[in-house]
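Engineer: Any chance you could fold what I've pasted below:
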Amino acid sequence: MENSNNNKERLRLLFESESWSEEDRRWLLEYLDTQDQSALRQLMETHFQAEAAAPPGDHPEAGRLLTLIHGKIQPERAQSRLFSLKEKGWQKLAVAALVLLIAGRAVLFFWPASLAKKPSVGAGQATSYAHDLPPGRNNAQLTLADGRVITLDSAANGGLARQGNTKVIKLNGQIAYQRTGSGQADDALLFNTISTARGNQYQLVLSDGSKVWLNAASSLRFPTSFKGKERRVEITGEAYFEIARNPAMPFKVQAGSGEIDVLGTHFNVNAYDDESSVKTTLLEGAVAIKKEASLQVLAPGQQAEFSPKGKIILSDNVDVAQETAWKDGFFWFNNTDIHTLMRQVSRWYDVEVEFKGNITDDGFTGKVSRNVPLSKLLKVLEQYDLHFTIEGKKIIVLP
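Structural biologist: As a prediction, this is how the structure comes out:
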């Protein structure tokens, strides 16, 4: 028990140390080979949560240690594959994650499906970019029923507009729709549209109290107040919903060629035009996915996926935290190919992506803050036989 406490204390000191001695390096690698990893896992997770938003530090020893770790792993990993945190090799991946944390602090963990390749960035080296781009921000355009457009980041807090018997209010980086009267049965149904450009995101509260988070390059068309037998909205791009329960007036979301029927629940919809399918992931409650003659009811932890001409495919035990990580300020990849990964980067940083040469097909797994400059994310990816140049608003990906 005493030895376990000593190990945990030494691990904690390593996480907090500004530099590591050769003795520290040797001890850590030996420890990872011989000891139970529960203490390390817990310590890393605690440290990651505390340090994710901290400013980057200057730690030149990170590249050297990463090279050492890859050299240690290489003889054991002959083929490309995804490494699970539950595998025996998790502890070695934890070291690589630790190195990236030290080198960039906004990186929680990141590694490619193949760790058999040595990192392309040499020990102590750092790629520099002549141009860099900031991360996305909170902004959107609100199109009112009469066609007027309000740019929300430059609008002052308070009342923005009146739409029939509903007031539109901006407060603390989001907008809310509030009913000001009972309304009449023959009141016309007024529609607004909120749109985020690439590099933007936003939040709103609908007139029924339902909450919506919009990701970059997305839009939501909705009535300013709900009337009749249903609450219906239309989405493009990606949004996360927390729907106010009202069994007498079901909530319905039109996404691509499908429809989502909701009572009261939390779910995420990814319906970007440049993705091959529409995905709906359920966190709480129940939803029904309709597409032509097909119907699929989801339980929490399930995901429904369909393409424009395909059937609904149901997946169980989906990592819902990963699917909604964007809402909480993170990229979270799980064996994600570089083309899919770069589409997310393109939308958030508002850049065009061009691929040149024979680019790896390996998947990447990791969690990275979205609140970092583009160069920081690219430096992480460059550890794994990828190179990037930034030319204005374009990223060129090279082997």
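Engineer: which other residues reach stretch 162-176?
Structural biologist: Identification of contacts with stretch 162-176 by Cβ atoms under 8 Å, 6 or more residues apart in numbering yields 138, 142, 144-145, 152, 155-161, 177-183, 187-188, 190, 192, 194, 202-205, 207, 224-225. For glycine as for every other residue, the C-beta is placed from the backbone atoms N, C-alpha and C.
Engineer: typo on my end, stretch 321-331
Structural biologist: Counting by Cβ under 8 Å, 6+ apart, 108, 201, 213, 215, 238, 240, 268, 270, 279, 281, 283, 303, 332, 334, 341, 344-345, 348, 366-371, 377 sit against stretch 321-331.
Engineer: Tell me which of those residues fall in helices.
Structural biologist: 341, 344-345, 348, 377 (DSSP state H).
Engineer: export the residues you listed to TSV and tack on distance to Asn7, pLDDT and neighbour count?
Structural biologist: Putting those into TSV (distance: Cβ to Cβ, whole Å; pLDDT from 0 to 100; neighbours: other Cβ atoms under 10 Å) gives the following:
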residue	distance to Asn7	pLDDT	neighbour count
Leu341	35	93	18
Gln344	38	96	20
Val345	38	96	20
Trp348	39	97	23
Leu377	33	88	24
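Engineer: okay, the residues you listed in CSV with distance to Val297 next?
Structural biologist: Shown next, in CSV, are the ones in helices among the contacts of stretch 321-331 (distance: Cβ to Cβ, whole Å):
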residue, distance to Val297
Leu341, 31
Gln344, 29
Val345, 34
Trp348, 32
Leu377, 38
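Engineer: Quick check: the two most widely separated of those residues?
Structural biologist: The largest separation in those, counting by Cβ to Cβ, is between Leu341 and Trp348 at 11.2 Å.
Engineer: Share the number of residues neighbouring Arg343, please.
Structural biologist: Counted with other Cβ atoms under 10 Å, the neighbours of Arg343 add up to 15.
Engineer: which SS state does the closest residue to it other than its chain neighbours fall under?
Structural biologist: The shortest distance from Arg343 to any non-neighbouring residue, by Cβ to Cβ, 6 or more residues apart in numbering, is to Asp274 (6.1 Å). The assignment at Asp274 comes out as coil when based on DSSP: H, G, I helix; E, B strand; the rest coil.
Engineer: For Asp274, give me the pLDDT.
Structural biologist: As predicted, Asp274 sits at a pLDDT of 92.
Engineer: Check Gly256 too.
Structural biologist: For Gly256, the model assigns a pLDDT of 88.
Engineer: Also Asn192?
Structural biologist: 98.
Engineer: so when I look at it, I'm seeing a strand, right?
Structural biologist: Yes - counting by three-state DSSP, Asn192 is found in a strand.
Engineer: So it sits against Thr224, correct?
Structural biologist: Yes - with contact defined as Cβ atoms under 8 Å, Asn192 reaches Thr224; the gap is 5.7 Å.
Engineer: joint contacts of the two?
Structural biologist: Taking Cβ under 8 Å, 6+ apart as the contact rule, Asn192 and Thr224 both touch 145, 163, 168.
Engineer: Show me which of those residues are buried.
Structural biologist: 145, 163, 168 (16 or more other Cβ atoms under 10 Å).
Engineer: Next one: the nearest residue to the second one once chain neighbours are set aside, what pLDDT does it get?
Structural biologist: Spatial nearest neighbour of Gln163, chain neighbours left out: Thr224 (3.9 Å); criterion: Cβ to Cβ, 6+ apart. For Thr224, the pLDDT comes out at 96.
Engineer: measure Thr224 to Asp361 for me?
Structural biologist: Distance, Thr224 to Asp361, by Cβ to Cβ, to the nearest Å: 47 Å.
Engineer: Those two: which is more packed in?
Structural biologist: The neighbour count for Thr224 versus Asp361, taken as other Cβ under 10 Å, is higher for Thr224 (22 against 11).
Engineer: The more buried one contacts Leu204, doesn't it?
Structural biologist: No - counting by Cβ under 8 Å, Thr224 stays clear of Leu204, with 11.5 Å between them.
Engineer: shared neighbours, the two?
Structural biologist: Shared contacts of Thr224 and Leu204 (Cβ under 8 Å, 6+ apart): Tyr177.
Engineer: What residue spans form the domains of the chain?
Structural biologist: Recorded structural domains for the chain (assignment: automatic domain parsing) are 2-112, 137-322, 330-398.
Engineer: mean pLDDT lowest for which of these?
Structural biologist: domain 2-112 (a mean of 49).
Engineer: what's the nearest residue to Gln203 if we skip its chain neighbours?
Structural biologist: Nearest to Gln203 is Gln174, by Cβ to Cβ, 6+ apart, at 4.0 Å.
Engineer: Skipping adjacent residues, who's closest to Met249 in space?
Structural biologist: Closest residue to Met249 apart from its sequence neighbours, by Cβ to Cβ, 6+ apart: Arg231 at 5.5 Å.
Engineer: on that earlier part again, tally up the residues packed near the residue nearest to Gln203, please.
Structural biologist: 17.
Engineer: Ile235 versus that one, what's the distance?
Structural biologist: Counting by Cβ to Cβ, the gap from Gln174 to Ile235 is 17 Å.
Engineer: repeat for Val287
Structural biologist: For Val287, the distance to Ile235 equals 13 Å [Cβ to Cβ].
Engineer: okay, the two: which has more neighbours?
Structural biologist: Set side by side, Val287 and Ile235 show more neighbours around Val287, with 27 against 23, by other Cβ under 10 Å.
Engineer: Check for me that Leu295 belongs to a strand.
Structural biologist: Yes - counting by three-state DSSP, Leu295 is part of a strand.
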